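Asks: quick one, structure for this:
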Amino acid sequence: MDSGQGQGCPSTSLKVKDSHNRVRVFCNCPRPGEYDGVEYLDLADFPKFVESGECDVFIASRFLDGLAAPVRSRVNVLWNHDVLVEEAAGMINSLMYKIDALFCISEFQREQYRQMLDIPAERFVLTRNGVDLDLIEECTKGVGREPERLIYTSRPERGLRVLLEMWPRLKARRPGLKLGVAWYENAGADAQMKQLIGTLKCEISKLEGVELLGALNKRGLYREMARAGVWVYPGTFPEVSCISAMEAAGCGTPAVASKYCALKETIAEGESGLLIPGVPGSEEYAEAFEDAVVSLIEDREKWERLNAEGRARITQSYQWRLIAEEWQKWIEGRLCVSESLRLCVRNQKRISSMAESSYRSDNSDCSDYSDHSDNSNNLLSEKSVLKNGGRETVSCCMIVKDAEGTLHRCLKSVRPWVDELIVCDTGSKDSTREIARQYADGVKEIDWTDDFGEARNRSMEGAKGDWILWIDADEYLVGGEHLEKYLRANMYNGYVIRQHHQALDADFKPDVPVRLFRNNRGIKFYGVIHEHPEEALNEGIRPAVILSDVHIVHDGYITEKVRRERFLRNLPMLLKDREKYPQRRLGLVFLARDYIHLARYEMERNKGRLEERGRRFLEKAAAIHREHFADQNNPLYVYSFPLYQTALALLDRGIEVAWYVGPAEARAGGIRRCRVESEEELRGMMEARVRGMFRKPEEGFAFER
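Replies: Numbering: from 1, shown residues only. Coordinates of the predicted model:
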């Protein structure tokens, strides 16, 4: 018997094919070929397709690994059929740079995904599962109805045991009752599942009136459904959709099932079936379930109404043909074209034949493949998402001055990977402009006003790219060949590229600024010094994500002497920044850092002694943290707290403590050492940790009472 959600791939493929699209399905296929106009190919051929093929739309059905492959496609869709677990949520989040839409098959599924994924609401597309009503009509013609026959067709572990426990009571109330039990074979079942199935088979053999139908093909399944009077499912599993319930309604068989998760959407209460609240297995649930089953058998008028209304509901809303038409409209709208589409669907399921299919899970992987295009001569005469297989364009915007010593290296590192290179010179006296002209599409001279943010904003004026990359002459790009895969119409407005500071006499942690962001979205630079792009003052670019395979290396702080010269240059601009942007929170963090630098320089001049001037600098640095960043939920806390600790240490203030709150087995690696100035401060840190420990994760999905 076909597994529920797995039916969707071939069914939808056939119907989308009817819209004059070319449809290819990659799956575990023992007999590749064209069936009913749909091309079925074995998964072993998928890497070849990745290397040399292309498609307009790529749909990954359950198989996240397929989305990780660098398929040349214009639109990528994840069509999932399961409750989302934490591990899969992490993988989906990591792939959202290339996922254009998540097809959700119920409102329940969409809401559950929205709770677990940091994804804008517009990325979710609400669709649904369906049935082939023509096939149902063909298979059920002439089948006689047995009103007192029940049928169970879900997986055995999802409610069958509850049903078998109720069976003796049902049988006592209606001695003529019979029950047919059908399920699909689970070839990948583990030892525990095999033991459960064996136990259930043994129980079935001992129960009067219960018949084990086993694994049925579609035609056999539909005949059995049409033969039964009631489809029963005391479900304990959090269904995101239930095709079996739709098939029962299509066969005219009313349902009695749990009022749980998406069953509440698949089965319309009082229209295609009866939904039972409560916890399956409880006495209250059993009584209500038994009453509902008996009422449908004894009340012929109610049964006939549910029979007719349930089938009408499937006819109007749950046919694959209708769903495919909706998909077609969505696809055309997404691509902005009306031409026939080449639709490539990859499914993890195994198709053994087209008429009677069986499915199993598969964890096949595909080899990675990279393709890079040199667009260095593309002057962006045509800006469009649709060109270069959906690749969007990049303008690299730079400000430079007297940078002849490092500029060649920087421009060589970015030129192959950007579509437009703009260099703004702020008054060079050396050969900087001549070097820039060897690489850049435009070299402009702009006035220097002692304001880096203003200069950055001027450098972006007239940039034609979909994205802006900013980099300095004393930096160079590493991994630029990986940028292309991120340049598409996805959910992100910015990408963080780690900035690694090289030094001969110190170790620095990488900074994590947004270095690549969307153009023409109102994003601008804020800050006279230590400028950053933001959507508005103190409103960082969101959503944004760190790129794992692209880096920027900076050697402008190579020695302490160079760093001190830079600091002395920057200090007047930092004070100017406070005047221009008094509410700029990031500027406060940098100000605290520079107060500490000033205190250290004072101590050097005083041979290690902390005098009054240095003490005032440290007091100011500590006050900035206490007044603005003490809340551990503040995103700048992680930058401010270490500065606060340094200031307290140099002031020799507070008490140095070591504390740990957490699981005993993790104590050795979790001891925290820090300075605190008050009991209140220490309690606040520890209480935040305790609250985090005892915050209960959501435990499954509650049954309705």
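
Asks: direction included, what does the helix or strand hosting residue 525 pair up with?
Replies: Here residue 525, judged by DSSP states H and E, is contained in strand 524-526. Paired neighbours of strand 524-526 in the sheet (DSSP bridges): strand 532-534 (antiparallel).

Asks: can I see the domain layout of the chain?
Replies: Domains of the chain are assigned by automatic domain parsing as 5-130+321-350, 133-318, 387-574.

Asks: please save the CA atoms from stretch 611-626 in PDB.
Replies: Taking Å, rounded to 0.1, in the frame of the first residue of the first chain, the C-alpha atoms of stretch 611-626 are listed here in PDB:
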ATOM      1  CA  GLU A 611      46.500  57.900  38.000                       C
ATOM      2  CA  GLU A 612      43.300  60.100  38.100                       C
ATOM      3  CA  ARG A 613      43.100  60.700  34.400                       C
ATOM      4  CA  GLY A 614      43.300  57.000  33.500                       C
ATOM      5  CA  ARG A 615      40.900  56.200  36.300                       C
ATOM      6  CA  ARG A 616      38.300  58.600  34.800                       C
ATOM      7  CA  PHE A 617      38.500  56.900  31.400                       C
ATOM      8  CA  LEU A 618      37.900  53.500  33.000                       C
ATOM      9  CA  GLU A 619      35.000  54.700  35.100                       C
ATOM     10  CA  LYS A 620      33.400  56.000  31.900                       C
ATOM     11  CA  ALA A 621      34.000  52.700  30.200                       C
ATOM     12  CA  ALA A 622      32.400  50.700  33.000                       C
ATOM     13  CA  ALA A 623      29.500  53.100  33.200                       C
ATOM     14  CA  ILE A 624      28.700  52.600  29.600                       C
ATOM     15  CA  HIS A 625      28.100  48.900  30.100                       C
ATOM     16  CA  ARG A 626      26.100  49.300  33.300                       C
END
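
Asks: in it, which residues are buried?
Replies: With burial defined by 16 or more other Cβ atoms under 10 Å, the residues of stretch 611-626 counted as buried are 614, 617, 618, 620, 621, 622, 624, 625. (Each C-beta comes from the backbone N, C-alpha and C, glycine too.)

Asks: out of these, which is nearest to residue 536?
Replies: Distances from residue 536 to the buried residues of stretch 611-626, taken as Cβ to Cβ, are shortest for residue 624 (22.0 Å).

Asks: spell out the secondary structure type for the residue nearest the centre of the chain.
Replies: Among the residues of the chain, the one closest to the centroid is residue 93, at 3.0 Å (Cα atoms, centre = their mean). For residue 93, the assignment made with DSSP: H, G, I helix; E, B strand; the rest coil gives helix.

Asks: surely it and residue 117 touch.
Replies: Yes - if you go by Cβ atoms under 8 Å, residue 93 and residue 117 touch, sitting 6.1 Å apart.

Asks: number of residues surrounding residue 273?
Replies: 28 (other Cβ atoms under 10 Å).

Asks: test my guess that residue 671 contacts residue 660.
Replies: Yes - under the criterion of Cβ under 8 Å, residue 671 makes contact with residue 660 at 4.7 Å.

Asks: residues touching residue 153, list them.
Replies: Residue 153 makes contacts with 1, 182, 183, 221, 224, 225, 231, 233, 244, 247, 248, as judged by Cβ atoms under 8 Å, 6 or more residues apart in numbering.

Asks: hmm, try it at 6 Å
Replies: 182, 244 (Cβ atoms under 6 Å, 6 or more residues apart in numbering).

Asks: and residue 298, how far is that from residue 532?
Replies: 72 Å (Cβ to Cβ, to the nearest Å).

Asks: the two: who's more crowded?
Replies: Just comparing residue 298 and residue 532: by other Cβ under 10 Å the higher neighbour count belongs to residue 532, 18 against 13.

Asks: and the helix or strand hosting residue 223, what other elements does it pack with?
Replies: Per DSSP H and E, residue 223 falls inside helix 218-227. With contacts taken as 3 or more Cβ pairs under 6 Å, 6 or more residues apart in numbering; DSSP states H and E, helix 218-227 sits against helix 133-140.

Asks: buried residues, the helix it packs on. List them.
Replies: Buried residues in helix 133-140 (16+ other Cβ under 10 Å): 133, 135, 136, 139, 140.

Asks: stretch 120-133 now?
Replies: 123, 124, 125, 127, 128, 129, 130, 131, 132, 133.

Asks: same question, stretch 404-411
Replies: 404, 406, 407, 408, 410, 411.

Asks: the third one contacts residue 437, doesn't it?
Replies: No - at 11.0 Å, residue 407 does not count as touching residue 437 under the criterion of Cβ atoms under 6 Å.

Asks: just the helices in the stretch 351-500 of the chain please.
Replies: 407-414, 432-437, 452-460 (DSSP state H, counting those that start in this stretch).

Asks: nearest to residue 682, out of those helices?
Replies: The closest of the helices of the stretch 351-500 of the chain to residue 682 is helix 452-460. By Cβ to Cβ, the value is 38.7 Å.

Asks: could you list the residues in contact with the strand holding residue 525?
Replies: Applying Cβ under 6 Å, 6+ apart, the external contacts of strand 524-526 come out as 453, 456, 457, 531, 533, 534, 537.
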